[in-house]
Every structure is written in C-alpha cells, then in structure tokens.
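S.K.: pasting the sequence and the predicted coordinates here, then a few questions.
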Amino acid sequence: MKFFKKILVTFITAIITTVVVYGGYTIYAADKYDFEETVDISTMMFYHDGMNDLFNESLASVVSILVDPNGDLSKLNSPCGAANFQEPDGTAKCEKKCIDDPGNVSTYCVSVRSMDMYLKYVVHLGTILGSVNFENLWFSEMRLNPATDLVYRQILARDTLINDDIEKSRRVLEATLGAYNEFMIAYPVHRQYQDVIRNLIKYKNKLKDIREYAIQFPSTFIDTTSTKCS
C-alpha cells in the first residue's frame, strides 16, 4: 500500500508540473477537440465522451501489447527518464514526445494527453461563462417575464453548471489517472502470474505422465545376486 501511495504522490506531482509548465497553452499544435467547436452546454458532453474514449483506447492498447508475444513493450514506458526532465525545457520536450508518438500509452504520456484535453476544456468553458444562448429563450417566456430576468437566470444557471463541472472534471481526472497508473502496475504482474499458472499446469501434467510410466516398474527386483550393475 505504501508503494502505491508513493507512486501516486509522485504521479500527482508530475501532473501539477505539467499544469505549471503548460502556461499559455501553446505547447501543442494539435487539432481542435470536438468540444471546442461548440458554444453551449453540449460542449460538456463532447468533452466527457472524448476523455472516456482516450482512456478506453489507452487501456485497450495496453492489453493488446501485453497479450501479443511480439508487442512493443517500449510503448508502455515513458519516453523520458528522470535526467531528461533536468535538461533545459526538459518537461516540454518530453511532453512533445508523447504528442508525437500517440502509440505510447505509458502513464506519463496518457497523463499529458488527458491534461492537454482538460486544460483546453477549462479554457473553452471560460469563453462560454457569462454568455447566453438566445435560441433557448422561448417567445412565450419572453412575453410573460421581463427579458432581462430571463437572460440573467439563464446566465446564472449555465455559469453554475460550468463551474461545477470544471471542479468535478478535475477530481474525476485525478481519480482516473490514479486508477490507470495502478492498472499499469498490476496488469503486467497479473499476466506474469497467468504464465506461471500455465507453466505449473504443464509441469503437473508432465509429472503425471512420468508417474504413470514409473508405476509400471516393480518396487523391488527379485532374485538379484549382485548390488552392482553390469
């Protein structure tokens, strides 16, 4: 348990470093995410679907690599070691390696991609805060209530929903990254355990075959007159 806690603390520290270094959100030259193309509440749906796909695809890749005897195990390891982060602009260079190699599903690279998506999501939501979608204001409501009151209530409701989702999304992302990190540690061990079990079963079956041959010999030899073989 202490081992997992130590890894998780180190991992969260790396996430915080990524946020600080990310700065002006100009590290990546990636295409826009689907949620950046919308300016209403549907952006939340697109973000959560996109984040869900990112982790599902990463987990599927990990399993595929470990199941395949010819799987490229290097894709499960971070492209950078501790020394790389000490170099000038080391963190930015390592993050770029993850972006340039989408097949790398190490915990570090998945955290880089997910943080990129989350931070751009927060920035995009910031452009929606305080706005209002007049298409959602029904004419009947406009006639029965002061327009300014309707606009104010819609802005307030949307901003509350946005602020809540920013915080909830952050907590969910931290928990998901922690779970992914533990999966990356536990699943390879599980695969090795399965291999050990299969080999033990083979050993048991071979031992059984040998025993069936051995019981055909008598336990003692009759009328022997010498203790030496000739």
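M.R.: Ah, there it is.

S.K.: what about residue 187, how many residues close to it?
M.R.: By other C-beta atoms under 10 Å, the residues close to residue 187 number 15. To be clear about C-beta, it is placed using only N, CA and C from the backbone, and glycine gets the same treatment.

S.K.: and it, what helix or strand is that in?
M.R.: In this assignment (DSSP states H and E), residue 187 forms part of helix 147-214.

S.K.: which strands or helices does that helix pack on?
M.R.: helix 2-22, helix 42-67, helix 107-128 (3 or more C-beta pairs under 8 Å, 6 or more residues apart in numbering; DSSP states H and E).

S.K.: so where's the chain shaky on pLDDT?
M.R.: Scanning the chain for pLDDT under 70 picks out the ranges 1-31, 131-151, 217-230.

S.K.: could you rerun that using 50?
M.R.: Where the chain drops to pLDDT under 50, the residues are 1-29, 137-144.

S.K.: neighbours of residue 165, just the number please.
M.R.: By other C-beta under 10 Å, the residues close to residue 165 number 19.

S.K.: and if you look at the one 4 residues further on?
M.R.: In terms of burial, residue 169 registers 19 neighbours under the definition other C-beta under 10 Å.

S.K.: now it: how far from residue 51?
M.R.: As judged by C-beta to C-beta, to the nearest Å, residue 169 and residue 51 stand 8 Å apart.

S.K.: joint contacts of those two?
M.R.: residue 118 (C-beta atoms under 8 Å, 6 or more residues apart in numbering).
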